[in-house]
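1. I'll drop the sequence and a predicted model, then ask my questions.
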Amino acid sequence: MVSLVLPGDQPAGDLGACSARDHGLGPRTTVATGEPVNFYTVAEAARRRGETALGYRITAEASEAGKSYGVHTNPKKSGMVTFVPEDKIIVIAED
């Protein structure tokens, strides 16, 4: 699983203006795939890398407007989700 990393040094109002390169797409926080995990586990995995997890994106829902194109921000911490390798964790991190 690859994380979408939002730069921690960017003012909140400017996050949408960042390019994909600025977002630092690449292997960052990872969690197990194929097994149900809760967002507490995701947040802890991010914390151990000095990142803050904001949510995740389920790639299988990417074309569904009714499901926010697969983007889940501030999810219920105890809710279980099973990720696949193509899914992404959304984090804020400093490089």
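-> Here it is on my side, so go on. Numbering: from 1, shown residues only.

2. got the CA coordinates for the lengthiest helix in the chain in PDB?
-> The single longest helix within the chain, with elements called by DSSP state H, is helix 39-47. The C-alpha coordinates for helix 39-47 follow below in PDB (Å, rounded to 0.1, in the frame of the first residue of the first chain):
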ATOM      1  CA  PHE A  39      -8.000   3.100  11.900                       C
ATOM      2  CA  TYR A  40      -6.300   3.000  15.300                       C
ATOM      3  CA  THR A  41      -3.800   0.600  13.700                       C
ATOM      4  CA  VAL A  42      -3.400   2.900  10.600                       C
ATOM      5  CA  ALA A  43      -2.900   6.000  12.800                       C
ATOM      6  CA  GLU A  44      -0.300   4.200  14.900                       C
ATOM      7  CA  ALA A  45       1.600   3.000  11.800                       C
ATOM      8  CA  ALA A  46       1.700   6.600  10.600                       C
ATOM      9  CA  ARG A  47       2.800   7.900  14.100                       C
END
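
3. what comes up buried for it?
-> For helix 39-47, the neighbour count (16 or more other CB atoms under 10 Å) marks 39, 41, 42, 43, 45, 46 as buried. The way it works is simple: take the backbone N, C-alpha and C, and place the C-beta from them, glycine included.

4. Can you name the residues that contact the second one?
-> It refers to residue 41. Residue 41 makes contact with residue 31, according to CB atoms under 8 Å, 6 or more residues apart in numbering.

5. what about it, distance to residue 53?
-> 10 Å (CB to CB, to the nearest Å).

6. Wait, residue 64 touches residue 70, no?
-> Yes. The pair residue 64 / residue 70 is scored as a contact, 7.0 Å apart, by CB atoms under 8 Å.

7. neighbour-wise, which of the two wins?
-> Each of residue 64 and residue 70 has its neighbours counted (other CB atoms under 10 Å); residue 70 has more, 16 against 11.
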